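Peer 1: Based on what follows, work out the 3D shape:
(one chain, ligands or ions: 1)
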Amino acid sequence: MMSTLGGLQRYFRVILLLLLALTLLLLAGFLHTDLELLTPLFEGQAEGPPVTNIMFLKTHKTASSTVLNILYRFAEIHNLSVALPTGWHVHLGYPWLFLARYVEGVGSQQQFNIMCNHLRFNLPEVQKVMPNDTFYFSILRNPVFQLESSFIYYKTYAPAFRGAPSLDAFLASPRTFYNDSQLLRNVYARNNMWFDFGFDPNAPVEEGYVRARIAEVERRFQLVLIAEHFDESLVLLRRRLRWALDDVVAFRLNSRSARSVTRLAPETRERARRWCALDWRLYQHFNRSLWGQLRAELGPRRLRGEVARLRARRRELAALCLQDAGAPQNRTQIHDPGLRPYQSGAADILGYNLRPGLDNQTRRVCQRMVTPELQYMAHLYSLQFPEKPPKNIPMVEGGAY
Ligand SMILES: Nc1ncnc2c1ncn2[C@@H]1O[C@H](COP(=O)(O)OS(=O)(=O)O)[C@@H](OP(=O)(O)O)[C@H]1O
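Peer 2: This is a model prediction of the structure:
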């Protein structure tokens, strides 16, 4: 009798479990839940400790400050050394080709974990500062939008832009405004990303030359992110670096107000692609290559799931950290001077207000995510070189810390 009862109980338990599983499956279907989200993230990802030796080639007007924020945060939290510019400098010698002596402390501390400030790439000198097992990566943006952003940002700095009433006018007749002999100030006006990789922005677009330079980039850089597919890029970056999700969640930094963005006519876009033909080739190549890697390593369903997770976490952190419903604000609307980003040219560069009343630990997490590049650099500099005078950056007010 007892054994029959026990058997019946086991039978009902199995039925109950089956029913539960079936209900969950039906619910997932009903709520359109992507089951990818329920599978462990990065299943099958290469095992190993997180990558901590990293060189990021910070190109201009390509979402690179958002990437830099990710790297600065990681460096600070894990107590890693950053190859920072010496003294009062804010760049690693840009627009000159990079030299190891542009890095603070390079004599006493031979090598660094992370290098990510603006520089013009020069491999032999970078190798003097970075360890052999360094992970190299960079970011590119569609040159049409990169140039449009650059035009506003460097409007008063680059002679080629200063004389042009608009980007339409500049691109209708670039040679009227652009002079090779003023290259060091005009690097922002033509093939700026090509220049940042260490190449000649005025070189003729010959097939053999272009292919050889792209192959060079491919040999050295394990990954090239694409600003237009920023979240997909971050998913791949996180996978390669074996980092936690929160390490790569970031808010959009250094963006312009709608007032400072110009919509370009189709013929202007086409002219921009021709004027920056070397950047256009670079961008097209690495855009294709990013999608090839995403397809090969993740596939569309898993990629969707991982992008969804990243975005959900970003929304969560925005709700926790940011005032004004997470919307970026004009400089004059930012209460804490340490959170006001550097302004340049004819652009309003936006930043964020933190929600008041955050506890100390949360505030620290949030503050790291919205601290503009220059203030964060000054903070890391003081942490790394407490014996040196603090980095005094006159173009920004106050310090966030
Ligand atoms: N997450 C994300 N996705 C896409 N685009 C983004 C992102 N973060 C920043 N941005 C845009 O990048 C532009 C700023 O680029 P940088 O930070 O590289 O500028 S800088 O060279 O360091 O001054 C700037 O572009 P514009 O607004 O067109 O000027 C930012 O809006």
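
Peer 1: Asn179 contacts Arg185, doesn't it?
Peer 2: No. The pair formed by Asn179 and Arg185 falls short of the contact definition of Cβ atoms under 8 Å, at 9.7 Å. Yep, even glycine has a C-beta here, placed from its N, CA and C like the rest.

Peer 1: Common neighbours of these two, please.
Peer 2: Overlap of the contact sets of Asn179 and Arg185 (by Cβ atoms under 8 Å, 6 or more residues apart in numbering) consists of Pro159.

Peer 1: Tell me the secondary structure of the residue most central in space within the chain, please.
Peer 2: Averaging the C-alpha coordinates of the chain gives a centre point, and the residue nearest to it by Cα atoms, centre = their mean is Val67 (2.5 Å). Here Val67 is recorded as helix under DSSP: H, G, I helix; E, B strand; the rest coil.

Peer 1: Report the contact partners of it.
Peer 2: When contacts are counted by Cβ under 8 Å, 6+ apart, Val67 touches Phe56, Lys58, Cys116, Ile139, Leu225, Ala250.

Peer 1: Past the helix-or-strand element of the chain with minimal mean pLDDT, which element shows up next along the chain?
Peer 2: Least confident helix or strand, the chain: helix 2-30 with a mean of 56, by mean pLDDT, DSSP states H and E. Proceeding C-terminally, helix 2-30 gives way to strand 54-57 as the next helix or strand, assigned by DSSP states H and E.

Peer 1: quick one: is that next one near the ligand?
Peer 2: No. Strand 54-57 lies out of reach of the ligand by Cβ under 6 Å from any ligand atom, never closer than 11.1 Å.

Peer 1: same check, this time on stretch 130-139
Peer 2: No. Looking at stretch 130-139 against the ligand by Cβ under 6 Å from any ligand atom, there are no contacts, and the closest approach is 7.5 Å.

Peer 1: List the buried residues for that stretch?
Peer 2: Met130, Thr134, Phe135, Tyr136, Phe137, Ser138, Ile139 (16 or more other Cβ atoms under 10 Å).

Peer 1: go on, stretch 91-101?
Peer 2: Of all the residues in stretch 91-101, those buried under the rule 16+ other Cβ under 10 Å are Leu92, Gly93, Tyr94, Pro95, Phe98, Leu99, Ala100.

Peer 1: what does stretch 150-169 give?
Peer 2: Of the residues in stretch 150-169, those with enough neighbours to count as buried (16+ other Cβ under 10 Å) are Ser150, Phe151, Ile152, Tyr153, Tyr154, Lys155, Ala158, Pro159, Ala160, Phe161, Ala164, Leu167.

Peer 1: Generate CSV for those residues, with secondary structure as supplementary columns.
Peer 2: CSV is the format used below for the buried residues of stretch 150-169 (three-state DSSP):
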residue, secondary structure
Ser150, helix
Phe151, helix
Ile152, helix
Tyr153, helix
Tyr154, coil
Lys155, coil
Ala158, coil
Pro159, helix
Ala160, helix
Phe161, helix
Ala164, coil
Leu167, helix
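
Peer 1: Spell out which parts of the stretch 301-401 of the chain neighbour the ligand.
Peer 2: Proximity of the stretch 301-401 of the chain to the ligand is not found for any residue under the rule Cβ under 6 Å from any ligand atom.

Peer 1: just the helices in the stretch 301-401 of the chain please.
Peer 2: Ranges of helices within the stretch 301-401 of the chain are 360-370, 373-384, based on DSSP state H, counting those that start in this stretch.

Peer 1: Tell me which of the ones you listed is the most buried.
Peer 2: Most buried of the helices of the stretch 301-401 of the chain by mean neighbour count (mean count of other Cβ atoms under 10 Å) is helix 373-384; its value is a mean of 20.

Peer 1: Who are the packing partners of that one?
Peer 2: Contacting helix 373-384 under the criterion 3 or more Cβ pairs under 8 Å, 6 or more residues apart in numbering; DSSP states H and E are the following elements: helix 64-77.

Peer 1: and the closest residue to Ser166 other than its chain neighbours, what does it touch?
Peer 2: With Cβ to Cβ, 6 or more residues apart in numbering as the criterion, Ser166 has its nearest non-adjacent residue at 7.4 Å, and that residue is Thr262. Thr262 makes contact with Glu148, Phe151, Ile152, Ser166, Leu167, according to Cβ under 8 Å, 6+ apart.
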